[in-house]
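S.K.: the amino acid sequence is not available; the structure is as follows:
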């Protein structure tokens, strides 16, 4: 992301004074802005019940936006059967790929218009959710997805939107944003509008029992990142704190269980609720540097968003810790990794260590394999610009510090084949 070049010392003053003032003003607006919340159907079979409710509303034809994997597994069978029984026709658009690229969104828009659909169901993980939101707003407003990037760029409301998450991570079923990608530019783009919140969502744990362990791990850590960044950010409120703290407790109690035993419906349901609570929290309180850096890694290398968040979270928390010691201490108690009465600094360290331990238990790697040293300065500059101008971060990070964090997740250099052979001969 390119911008005006300014000396670092001047940039630091602007960030600490000008942007801080702007962020406070934005926080006030966000605090009073009415944000709708969807009606939630929770529990086994809730996706079928959502289909019954959609049909009862009287929609003639629904576009189901999903991906090939979810479509091939037949997870939407209950929803689709309920729609048919209720007299609502359906068209399935299952071409969504990771990061919801603009060309894919454009194809979804064309299918929706040609089919005459009057509502959309987002069915899947974060990418189908984001694609469905962009399609719904673009079809209703007559604007290209690129022209919707930013805040409140749509004309009028999107098509009625419903959501069925099949992973417990993004919280997109309750959020105001859609993240799409521009493959040509190697960037992720955000469409933000309170009207993008789905009208109704189903949290059906039966749809999540077949998730591969790595997906369970990465999406669960994505939800944890949402909750933590909402809790430590400058826009946190008592309401968002309660939601974020509840999400943290539920994730610490259930993520390892869902990872070990994917068919545990109770753990899956608790993780789905935790992701939703975290989504509600960060919709108000926003996110921070973890997301800003992860967005750059996703845009440049297509690193899955939840995985990038998981890898970066402990590194960013170590940087933020001096400014949010008390907040991290509270999270340690909520997570059950520390006791009230312990020194805040001790509790903060325990919480960060527990995040690292969680990553290890879930098989999260310590490095971003695609990351290249030559790209780090540009990635760091773009990440700091995104965070400083959009997120209520509790402590400002210079691009140089961000470069250090990125170097901390560089993959280890692999010795050349000749060097390995020489070393082996020397060992013998």
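M.R.: That came through fine. Quick caveat, the model's predicted, so the values are computed rather than measured. Numbering: from 1, shown residues only.
S.K.: quick check: residue 279 touching residue 169?
M.R.: No. The criterion here is CB atoms under 8 Å, and residue 279 misses it with residue 169 at 9.3 Å. C-betas here are computed from N, CA, C, even on glycine.
S.K.: common neighbours of these two, please.
M.R.: residue 223 (CB atoms under 8 Å, 6 or more residues apart in numbering).
S.K.: report how many residues lie close to residue 256.
M.R.: When neighbours are counted by other CB atoms under 10 Å, residue 256 registers 17.
S.K.: likewise for residue 74?
M.R.: Around residue 74 there are 9 residues (other CB under 10 Å).
S.K.: show me what counts as buried in stretch 198-209.
M.R.: 198, 200, 201, 202, 203, 204, 205, 206, 207, 208 (16 or more other CB atoms under 10 Å).
S.K.: the residue nearest to the second one when sequence neighbours are not counted and residue 53, how far apart?
M.R.: The one in question is residue 200. The shortest distance from residue 200 to any non-neighbouring residue, by CB to CB, 6 or more residues apart in numbering, is to residue 39 (4.6 Å). Separation of residue 39 from residue 53 (CB to CB, to the nearest Å): 8 Å.
S.K.: common neighbours of those two, please.
M.R.: In contact with both residue 39 and residue 53: residue 200, using CB under 8 Å, 6+ apart.
S.K.: quick one, which of these two is more surrounded?
M.R.: Remark: of residue 39 and residue 53, residue 53 carries more neighbours, 18 against 12, as counted by other CB under 10 Å.
S.K.: for the more buried one, list the residues it contacts.
M.R.: 41, 200.
S.K.: that one and residue 294, how far apart?
M.R.: 34 Å.
S.K.: with residue 133 instead?
M.R.: Note on residue 133: its distance to residue 294, by CB to CB, is 19 Å.
S.K.: more neighbours: the two, which one.
M.R.: residue 133 (32 against 28).
S.K.: tell me which element the more buried one falls in.
M.R.: According to DSSP states H and E, residue 133 maps onto helix 126-141.
S.K.: how far off centre is that helix?
M.R.: Relative to the centre of its chain, helix 126-141 is centred 16 Å away, using CA atoms, centre = their mean, to the nearest Å.
S.K.: packing partners of whichever helix or strand comes after it?
M.R.: For helix 126-141, the following helix or strand on the C-terminal side (DSSP H and E) is helix 145-148. Counting contacts by 3 or more CB pairs under 8 Å, 6 or more residues apart in numbering; DSSP states H and E, helix 145-148 packs against helix 102-115, helix 126-141, strand 187-192.
S.K.: need the per-residue pLDDT for the closest residue to residue 54 other than its chain neighbours.
M.R.: The shortest distance from residue 54 to any non-neighbouring residue, by CB to CB, 6+ apart, is to residue 162 (5.9 Å). At residue 162, the model reports a pLDDT of 98.
S.K.: strands along the chain, start to end?
M.R.: Under the criterion DSSP state E, strands of the chain are mapped to 39-42, 61-65, 89-93, 119-124, 150-151, 161-165, 177-182, 187-192, 200-203.
S.K.: would you mark the buried spots in the second one?
M.R.: When neighbours are counted by 16+ other CB under 10 Å, the buried residues of strand 61-65 are found to be 62, 63, 64, 65.
S.K.: again with the first one
M.R.: For strand 39-42, the neighbour count (16+ other CB under 10 Å) marks 40, 41 as buried.
S.K.: what's it in contact with?
M.R.: Contacts of strand 39-42 (CB under 8 Å, 6+ apart): 47, 49-50, 53, 199-204, 269, 272-273, 276.
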